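**Student:** need coordinates for the following:
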Amino acid sequence: MNTQPSLAESKPPSSSTRRLSSQGPGELSFHKVMVVLAACMALQMTSFVMILPVFARRFSELGAGADALAASAMAYALASTLASPFMGALADRFGQRPLVLGSLAVYVLAFSGYLFASSAPVFILLRGLAGAFTAGLVPAVTGIVANLAPKQQRAQWIGIVNGGASIGWIAGPLLGGVLYDHWGWPVPFVVSIIMAAVAFTMAFLTVPETCNHPGRPIVETERSAQAFLPGNLRRSLRTFRASLPGSLSALILMLGIYFAVMFAWAFIEPRFMFYAYDDLGWSSSMLGLVMSTYGIAMTLGEFSLSRLSDRLGRKPVIIFGLVLFAAQFAGLAFSRDYVWIAVTFVIAGLGNALFDPALSACILDIAPADRQGQILGIKNTAGSLGSILGPAMVVLFTPLIEAQGIFLIATGIVFLITLISVSVKIRPYTNQIGLVASIINRDSN
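**Tutor:** All right, here's what the predicted structure looks like:
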């Protein structure tokens, strides 16, 4: 940290600064940590997304179809849903760094399992395990950014780190498709394993712990467990409610938005993959290129537009981003032209770059400082629920609804949550820490 001697002597360094300085022989600057996080997320997302276009091909080779692909997505999302609240709590208790490293290590193991899976059920099981043990990655990374970034710049830095992940949406799908078309399915999986291993190594060597209270005492852990005994359930519910934002309508709306967008994509994804191959006649490279155009737009948008909600307010940016995000579903519903569909994916990528950082920043704005991991875990749970129900609906309605009907339903879902967003008033910057403390002190007395 470059500060003047007089300021350094008169003002003690922050806890985050002390932790950054203690991680190695030299001081790790705030910007270096952000760059490393963005690079790790870029590698992780590239390795994750590059095998997505190959999943449909792989399931076909295993004698399965869109229903098995949907089941694998549902298994991943269901496991992530169940694990997300616990992972968020673990990040609050033990720190974000162990969650980041553990999740990245699991990706290496999961991709290795995909490579050697001999049947569709084994593949589905591996995706479920991966969903459970990687659910803490995004909340932990977001928590590190929240701990280090100035509050008025949170959306900007969340967007920059997310922009690193968005690079994966540029390189990953196209790279996976090209590798499959030239060398078959094993090569994309091997490359994904290598990339995930590099991401883990970078994080292990560079990313510090920034949590203000890692390693809570065992007594506190036991007290938290005792709080959920029947005799203390009412007090536990009051304490939990006090830890949430003052206006539940704002939190419910934001969770509903995240649920809706994740549901809409999960609802179309399995059918979209087979629709592109079987009905539109695309190659794996063509499908990867369309997905990459989405990533290009999202990356450029997050690096250049993510700060808009810091300046213009969260709500208008979220609403406008949702409108643009729906373009991809409308494009698939109303056109079979490859170029036009690619254009709508570009528009949707820009929409994602607008609403996603603003949504995360809005949730952090209203979350108590010591409950950010918990609230982000709840957000992740809402998204995972959408990712569960989306493929489940595909399994139920695939025999009944044509592909265009599924795309139209997804369009309507996003527009519906957008209209609801217009009518609900969002009151950010509500802090409930004092209320939590008063309730705990009152009950203890």
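**Student:** centre-most residue in the protein?
**Tutor:** Val138 (5.1 Å; CA atoms, centre = their mean).
**Student:** against which helices or strands is the helix or strand hosting that residue packed?
**Tutor:** Secondary-structure assignment from DSSP states H and E places Val138 in helix 137-148. Contacting helix 137-148 under the criterion 3 or more CB pairs under 8 Å, 6 or more residues apart in numbering; DSSP states H and E are the following elements: helix 30-49, helix 66-94, helix 96-116, helix 154-183, helix 338-366, helix 372-397. For glycine as for every other residue, the C-beta is placed from the backbone atoms N, C-alpha and C.
**Student:** buried residues, the fourth one. List them.
**Tutor:** When you say that, I think you mean helix 154-183. The neighbour-count check on helix 154-183 (16 or more other CB atoms under 10 Å) flags 154-180 as buried.
**Student:** same thing with the fifth one?
**Tutor:** Neighbour-count burial for helix 338-366 flags 341-366 (criterion: 16+ other CB under 10 Å).
**Student:** can you check the shortest one too?
**Tutor:** Burial within helix 30-49, assessed by neighbour count using 16+ other CB under 10 Å, is assigned to 30, 33-34, 36-49.
**Student:** ditto for the second one
**Tutor:** Buried residues in helix 66-94, counted by 16+ other CB under 10 Å: 66-85, 87-94.
**Student:** okay, the angle between that helix and helix 137-148?
**Tutor:** In terms of direction (axes from the mean of the first three to the mean of the last three CA atoms, to 10 degrees), helix 66-94 departs from helix 137-148 by 30 degrees.
**Student:** so how far is helix 66-94 from its chain's centroid?
**Tutor:** Distance of helix 66-94 from its chain centroid, counting by CA atoms, centre = their mean, to the nearest Å, is 11 Å.
**Student:** and the average pLDDT for the helix holding Val138 is what?
**Tutor:** In this model, helix 137-148 has an average pLDDT of 82.
**Student:** just to revisit the earlier point, ok, and the closest non-adjacent residue to the residue nearest to the centre of the chain?
**Tutor:** With sequence-adjacent residues excluded and distances taken as CB to CB, 6 or more residues apart in numbering, Val138 is closest to Asn380, at 6.3 Å.
**Student:** model confidence for the closest residue to Gly159 other than its chain neighbours, exactly?
**Tutor:** Once flanking residues are discounted, Gly159 sits nearest to Ser306: 2.1 Å by CB to CB, 6+ apart. pLDDT for Ser306: 70.
**Student:** repeat for the one 4 residues further on
**Tutor:** Looking at Asp310, its pLDDT stands at 76.
**Student:** identify each buried residue in the helix or strand that it is a member of, please.
**Tutor:** Under the criterion of DSSP H and E, Asp310 resides in helix 308-312. Buried residues in helix 308-312, counting neighbours by 16+ other CB under 10 Å, are found at 308-310.
**Student:** show me what that helix is packed up against.
**Tutor:** helix 154-183, helix 314-325, helix 338-366.
**Student:** check the offset of whichever strand or helix holds Ala132 from the chain's centre.
**Tutor:** Taking DSSP H and E as the criterion, Ala132 maps to helix 120-133. In terms of CA atoms, centre = their mean, the centre of helix 120-133 is found 18 Å from the chain centre.
**Student:** and the contacts of that helix?
**Tutor:** 58-59, 62-64, 68, 71-73, 75-80, 82-83, 102-103, 106-107, 110, 113-114, 117, 384 (CB atoms under 8 Å, 6 or more residues apart in numbering).
**Student:** same check on stretch 180-193?
**Tutor:** 46-48, 50-51, 53-54, 57-58, 61, 108, 111-112, 114-115, 175-176, 179, 283-285.
**Student:** just the buried ones out of those residues, please.
**Tutor:** Neighbour-count burial (16+ other CB under 10 Å) applied to those gives 46-48, 50-51, 53-54, 57-58, 108, 111-112, 114-115, 175-176, 179, 284-285.
**Student:** quick one: which of the helices and strands packed on helix 308-312 is nearest Ser249?
**Tutor:** helix 338-366 (11.2 Å; CB to CB).
**Student:** just list what the closest one packs against, helices and strands only.
**Tutor:** helix 137-148, helix 154-183, helix 248-274, helix 284-305, helix 308-312, helix 314-325, helix 327-334, helix 372-397.
**Student:** next, the angle from it to helix 154-183.
**Tutor:** Interaxial angle, helix 338-366 versus helix 154-183 (the same axes, to 10 degrees): 140 degrees.
**Student:** quick check: Ala66 touching Arg271?
**Tutor:** Yes - the pair Ala66 / Arg271 is scored as a contact, 6.0 Å apart, by CB atoms under 8 Å.
**Student:** in this structure, which helix or strand is least confident?
**Tutor:** helix 5-10 (a mean of 35; mean pLDDT, DSSP states H and E).
**Student:** Ile194: which of the helices and strands packed on helix 137-148 is closest?
**Tutor:** Nearest of the helices and strands packed on helix 137-148 (CB to CB): helix 30-49, 7.9 Å.
**Student:** what is the closest one packed up against?
**Tutor:** By 3+ CB pairs under 8 Å, 6+ apart, helix 30-49 packs against helix 96-116, helix 137-148, helix 154-183, helix 186-206.
**Student:** again, only this time at 6 Å
**Tutor:** Where contact means 3 or more CB pairs under 6 Å, 6 or more residues apart in numbering; DSSP states H and E, helix 30-49 is packed against helix 154-183, helix 186-206.
**Student:** what angle separates the shortest one from helix 96-116?
**Tutor:** For helix 186-206 against helix 96-116, the angle by the same axes, to 10 degrees is 160 degrees.
**Student:** how about helix 186-206: buried residues?
**Tutor:** Buried residues in helix 186-206 (16+ other CB under 10 Å): 187-189, 191-193, 195-200, 202-203, 206.
**Student:** please name the nearest non-neighbouring residue to Ala203.
**Tutor:** Cys40 (4.9 Å).
**Student:** thinking again about what came up before, from the buried residues of helix 186-206, which one has the minimum pLDDT?
**Tutor:** On pLDDT alone, Thr206 ranks lowest of the buried residues of helix 186-206, at 83.
**Student:** ok, now how distant is it from Ser192?
**Tutor:** In this view, Thr206 and Ser192 are 22 Å apart by CB to CB, to the nearest Å.
**Student:** verify the stated contact: Leu137 with Gly102.
**Tutor:** No - at 8.6 Å, Leu137 does not count as touching Gly102 under the criterion of CB atoms under 6 Å.
**Student:** in the stretch 1-150 of the chain, where is pLDDT below threshold?
**Tutor:** For the stretch 1-150 of the chain, applying pLDDT under 70 flags the ranges 1-28, 88, 92.
**Student:** let's go with 90 and repeat that
**Tutor:** Applying pLDDT under 90 to the stretch 1-150 of the chain flags the ranges 1-39, 45, 49-99, 115-120, 131-132, 135-150.
**Student:** residues near Val394, how many?
**Tutor:** 25 (other CB atoms under 10 Å).
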